[in-house]
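Chemist: build me a structure from this.
(2 chains)
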Amino acid sequence: MQNKDKDQKSSFKLFKTILFKDIKSEVRQINDLFSIFLFDIISIFIFSSVYSFSSQAQNMPLEIFVIEVWLIIFFTLIFLMSKLFVKEKESGTLGGLLSSPVSGNIILVSKIFYCFILLSIVELILFIFSIFLSAPSIENLSFAQLMIFITFGVLLPTLDLSICGSIVSAFSMYVKNKSFVLPILLFPLILPITTSIISLNIKILEGSLINDLFYEVIFLVAHITLMGSILTLISQTLLYD
Amino acid sequence: MNESNKELLNCVNVSKQYGYFFALKNISFKTEENTIIGIAGANGAGKTTLIKILCGLINPTLGKIVIKGMDYENHSNTIKKKIGISTDESYLYEELTIFENLKFYDNLHLNFDKNSIKTKIEQFASKFNLTEWINEPVENLSHGMKQKVELIRVFMHQPSILFLDEPFSGLDYNTTKILIESLNEMRDKENVSIILTTHKTEILAQICDKIIVLKKGKISKSFTKEEYKEIQIESYF
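Modeler: Numbers count the residues shown, from 1 in each chain, chains lettered A, B, ... in the order given. All right, here's what the predicted structure looks like:
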């Protein structure tokens, strides 16, 4: 029992060590992250100006706003995927991780959380800018609805996307044409959840209560469980040549 | 060399195939504790592939590696706690400082005591003349300095087996001397076994207890310490 506790503590410390190392490296190369922010803001700006120019409408309909934001998030994920295993492989540092007494699962989980943190920061900036630039027709949300939106509309899908992104990044790190393979592998994985994410976001922003979100939330949780299980089962095979 | 002659590593019929190409074919050898084994051979002979298989970085197509009675399939993490690896690729994060890199790798070997890590890093930095550069990002260092940091990274967690791929490349005369002294000291005083590859046959002659020569993925000859002093190793490349 004591050994099990000790192992769990060590695993958590190892997870933290790898995650903090990734965050520290990212902060030292902040220009990479700025270029992603810039891509998001420019995309929002182009999308919003084209829409308002063609429709002459002051406010963007909710459905189009949600699709616009999540489309940009999906493309941002492709940029972020290259920061996970692909970057470690290309810089040669993957060997350092694999030759250390750290299990493949710990490395994978730390990369999923790293992707989750980066994607959440990008989404925060994206939502702030998109609300100002696209001016969507959203009714005033109560604090409880806002919390439901952040938890089920943003963080839950982000976790799912981070798991899918980590699987694809690990899959493609030994492949030669990474820039071609990354999106090709990602889209079939995230395709089943796109409808749920969009529908969930629209429903919450329209003011639906948590009871109305049951099927979308269950579908996302099931997808997360499935992807997580696949990742755990194939982690060793994925990480080693 | 210690007289106990305990078996440390057993490489059993290891082959590695890439497509139709065999990088290694039926490699078998055993090593004992407290020895330095040199793997020699021309470019493309399979030295790096062999050392990566020995340290569990890549899986062999056929055969297996047994270290202290354990194989990688069932005891990967236990073996990795005991070994240190330096290959042709740098495992250092360019944007992090020397200190941060070394601390990170020591943490991965389950040492989380800040004070002991700091003391160890300072001692090694002083030994390899890197004290002034300790808080410098690795990207600002020369190739030779990076090589020194790599070696410190490997030595830090006090492994009982060291796998070094071309450890002398890019090192100046003084650092080569320090490294040879360190390797000898580790074998004699700390009972560390070392398996290394190098092109520099004169260095092999200075430190190795046994030399294995690879040619086109196969062992073309192996020498004991007594034998190879008389022989021109290059003739077997």
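Chemist: from here on, contacts and neighbour counts on C-alpha atoms
Modeler: Will do.
Chemist: residue A:29 against residue B:96, yeah?
Modeler: No. Using CA atoms under 8 Å, residue A:29 is not in contact with residue B:96; the gap is 10.2 Å.
Chemist: quick check: residues of chain B near chain A?
Modeler: B:55-59, B:76-81, B:85, B:89-93, B:95-96, B:104-105, B:107-110 (CA under 8 Å from any CA of the partner chain).
Chemist: list only buried entries from those residues.
Modeler: With burial judged by 16 or more other CA atoms under 10 Å in any protein chain shown, the buried subset of the residues of chain B next to chain A is B:55-59, B:76-77, B:79-81, B:85, B:90-93, B:95-96, B:104-105, B:107-110.
Chemist: below-threshold pLDDT in the chain: ranges please.
Modeler: Going with chain A. Residues of chain A meeting the criterion pLDDT under 70: A:1-4, A:241.
Chemist: the chain in question should be chain B.
Modeler: Along chain B, the model assigns pLDDT under 70 to residues B:1-5, B:228-237.
Chemist: what segments of it are helices?
Modeler: With DSSP state H as the criterion, chain B has helices at B:47-54, B:72-82, B:98-108, B:114-127, B:143-156, B:173-190, B:201-207, B:225-228.
Chemist: and the fourth one, which residues are buried?
Modeler: In this case it means helix B:114-127. Buried residues in helix B:114-127, defined by neighbour count with 16+ other CA under 10 Å: B:117, B:120, B:121, B:124, B:125.
Chemist: cool, and the longest one?
Modeler: Taking 16+ other CA under 10 Å as the basis for neighbour counts, the residues of helix B:173-190 that come out buried are B:175, B:176, B:179, B:180, B:183, B:184, B:186, B:187.
Chemist: run the angle between it and helix B:114-127 for me.
Modeler: Orientation note: helix B:173-190 sits at an angle of 130 degrees relative to helix B:114-127 (axes from the mean of the first three to the mean of the last three CA atoms, to 10 degrees).
Chemist: chain center to helix B:173-190, what's the gap?
Modeler: Taking CA atoms, centre = their mean, to the nearest Å, one finds helix B:173-190 lying 13 Å from the centre of the chain it belongs to.
Chemist: give me the contacts around it.
Modeler: Under the contact criterion CA atoms under 8 Å, 6 or more residues apart in numbering or on different chains, helix B:173-190 has outside partners B:1, B:2, B:34, B:35, B:36, B:128, B:168, B:192, B:193, B:194, B:207.
Chemist: next step: the residues you listed restricted to strands.
Modeler: Using DSSP state E, the members of those that fall within strands are B:36, B:193, B:194.
Chemist: what is the burial count for the first one?
Modeler: When neighbours are counted by other CA atoms under 10 Å in any protein chain shown, residue B:36 registers 25.
Chemist: that one touches residue B:203, doesn't it?
Modeler: No. In this structure, residue B:36 is not within contact of residue B:203 by CA under 8 Å, at 11.7 Å.
Chemist: sorry, back to before: can you put the contacts of helix B:173-190 in CSV and add distance to residue A:233?
Modeler: Listed next are the contacts of helix B:173-190 as CSV, based on distance: CA to CA, whole Å:
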residue, distance to residue A:233
B:1, 44
B:2, 44
B:34, 38
B:35, 39
B:36, 38
B:128, 43
B:168, 40
B:192, 36
B:193, 35
B:194, 34
B:207, 44
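Chemist: quick one, helices of chain A?
Modeler: Remark: helices assigned in chain A by DSSP H are A:2-28, A:30-55, A:62-81, A:87-91, A:94-98, A:104-134, A:143-148, A:156-172, A:178-205, A:214-239.
Chemist: who are the packing partners of the first one?
Modeler: I take that to be helix A:2-28. Where contact means 3 or more CA pairs under 8 Å, 6 or more residues apart in numbering or on different chains; DSSP states H and E, helix A:2-28 is packed against helix A:104-134, helix B:98-108.
Chemist: please identify the deepest-packed of these.
Modeler: Greatest average neighbour count among those goes to helix B:98-108 (a mean of 23), per mean count of other CA atoms under 10 Å in any protein chain shown.
Chemist: for that one, C-alpha coordinates in CSV please.
Modeler: Output of helix B:98-108 as CSV, limited to C-alpha atoms (Å, rounded to 0.1, in the frame of the first residue of the first chain):
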residue,chain,number,x,y,z
ILE,B,98,22.6,24.2,-18.4
PHE,B,99,21.3,24.2,-14.8
GLU,B,100,17.7,23.8,-15.9
ASN,B,101,18.5,20.9,-18.3
LEU,B,102,20.6,19.0,-15.7
LYS,B,103,17.9,19.6,-13.0
PHE,B,104,15.2,18.3,-15.3
TYR,B,105,17.0,15.1,-16.2
ASP,B,106,17.9,14.5,-12.5
ASN,B,107,14.2,14.9,-11.6
LEU,B,108,13.3,12.3,-14.3
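Chemist: check the offset of it from the chain's centre.
Modeler: Going by CA atoms, centre = their mean, where helix B:98-108 is centred and where its chain is centred differ by 19 Å.
Chemist: relative to helix B:72-82, how tilted is that helix?
Modeler: Angle, helix B:98-108 to helix B:72-82, by the same axes, to 10 degrees: 130 degrees.
Chemist: hang on, the earlier thing: would you mind giving the helices and strands packed on helix A:2-28 as JSON lines with distance to residue B:43 added?
Modeler: What follows is the helices and strands packed on helix A:2-28, written out as JSON lines (distance: least, CA to CA, whole Å):
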{"stretch": "helix A:104-134", "distance to residue B:43": "32"}
{"stretch": "helix B:98-108", "distance to residue B:43": "30"}
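Chemist: my guess is residue B:25 contacts residue B:11. True?
Modeler: No. Using CA under 8 Å, residue B:25 and residue B:11 do not qualify as a contacting pair, with a distance of 12.0 Å.
Chemist: look up how far chain A lies from residue B:165.
Modeler: 13 Å (CA to the nearest CA, to the nearest Å).
Chemist: try residue B:63
Modeler: Distance, residue B:63 to chain A, using CA to the nearest CA: 16 Å.
Chemist: quick one: contacts for that residue?
Modeler: B:11, B:12, B:13, B:14, B:15, B:26 are the contacts of residue B:63 under CA under 8 Å, 6+ apart.
Chemist: likewise for residue B:131?
Modeler: Contacts for residue B:131 (CA under 8 Å, 6+ apart) come out as B:122, B:125.
Chemist: same check, this time on the one 4 residues further on
Modeler: Under the criterion of CA under 8 Å, 6+ apart, the neighbours of residue B:135 are B:97, B:98, B:99.
Chemist: quick check: chain neighbours aside, which residue is closest to the last one?
Modeler: Counting by CA to CA, 6 or more residues apart in numbering or on different chains, the nearest residue to residue B:99 once its immediate chain neighbours are dropped is residue B:134, at 5.6 Å.
Chemist: if I look at the one you found, how far off is residue A:195?
Modeler: Shown here: residue B:134 relative to residue A:195, a distance of 51 Å by CA to CA, to the nearest Å.
Chemist: the more surrounded of those two?
Modeler: For residue B:134 versus residue A:195, the count of surrounding residues by other CA under 10 Å is larger for residue B:134: 19 against 13.
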